[in-house]
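Enquirer: based on what follows, work out the 3D shape:
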Amino acid sequence: MHALPTRAVTAICHALQEQIEHGLLPPGSKLPAERKLSDVFDTTRITLREALVQLEAQGLIYREERRGWFVAPERLTYDLIERSHFHAMVRDQGRVPATELLSARLQPAAAAICARLRLPALSSVIQICRLRRIDGRAVLYAEHYLNPEYFPGILEHDLGQSLTEIYARHYAIHYGRVCFEILPTALPAAAASALKVSPGSAGLHITRVNSDQNGRLIDCDLEYWRHDAIRIRADAG
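Expert: Coordinates of the predicted model:
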C-alpha cells in the first residue's frame, strides 16, 4: 500500500536533484514554498516533506526555521593535517568568512573540560562562544575553553578575530600537538539556536584539544557544524 507514495518521493528527489546538478537551482537559492512545490509535483505536503528531508540528509538542501528551504552551497574542505584557522581556511577556498562573538567570560570548568585540559577539580576556564559564517550563511557554532593561566587579559581583545592570531601576537603561543575527536551528533539547543535549525537536527561535532609549542595543554574547542557544510580530509602523506 506504500508503493505509490514511495515512488512519488523518489520522483520528487530525482527531479530536484537534477535541477540542482544542472544549475537551474544554484547554490544558496531559495526553493519555492512547500505549498507551491506540492502543486508543481501534484502531491501531498506529507509526501513532499519526506522528499525534502531525504535531500536534506544527502546534504543537497537545507532548511532554516521560519525562512524555508535552500540549495546547499559547496562544502568547505576541513583539512585536519594543515595548520590553519577558520578565516584563512575559508579565504583560501575562495569564500568569505565572518565570526560573531556571542559571549565570553571566566567560569567554573565542567568536569569534561577539566579532564580534557587536565585541570584540577573546581578550576576556572575562559569560555568563548562564537558563531561562524561562510558567505553569510551560519555554519558553525563553537565553544572555546581556555586555560586562563596562559591568557591573562584575553577578554579585553577583539574575540571576533582569529584566536590563533591573538595567541601568536599577544602571548607568543603557537599550536603544537592537536588531538581531534569527530562524531555525528544531534545539535544541542545552543548550537541549533545559533544556526537557526531545530534542536536535535543532524550535525557534526568536532572536539579539538590543543597543546602549544612547549607541550602545554592550552585550550579545548567544541565545534558544532551543519552536517552539509564541510567535508573532512586528512592527507598524512
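Enquirer: pull the distance from the strand or helix carrying residue 232 to the chain's centre.
Expert: For residue 232, the host element (DSSP states H and E) is strand 230-233. Its chain's C-alpha centre and that of strand 230-233 lie 11 Å apart, by Cα atoms, centre = their mean, to the nearest Å.
Enquirer: what's it in contact with?
Expert: 75, 76, 77, 78, 79, 80, 139, 182, 204 (Cβ atoms under 8 Å, 6 or more residues apart in numbering). C-beta here means a position set from N, CA and C on the backbone, and glycine is covered the same way.
Enquirer: residue 57: which of the residues you listed is nearest?
Expert: Nearest to residue 57 among those: residue 204, at 13.3 Å, using Cβ to Cβ.
Enquirer: show the pLDDT at the closest one.
Expert: For residue 204, the model assigns a pLDDT of 95.
Enquirer: all helices of the protein, in order?
Expert: 3-21, 34-41, 45-57, 86-92, 111-117, 163-171, 189-195 (DSSP state H).
Enquirer: need the winner for burial among the ones you listed.
Expert: helix 189-195 (a mean of 18; mean count of other Cβ atoms under 10 Å).
Enquirer: and it, what other elements does it pack with?
Expert: strand 124-134, strand 137-146, strand 217-226 (3 or more Cβ pairs under 8 Å, 6 or more residues apart in numbering; DSSP states H and E).
Enquirer: so which of the ones you listed comes closest to residue 167?
Expert: The closest of those to residue 167 is strand 217-226. By Cβ to Cβ, the value is 7.8 Å.
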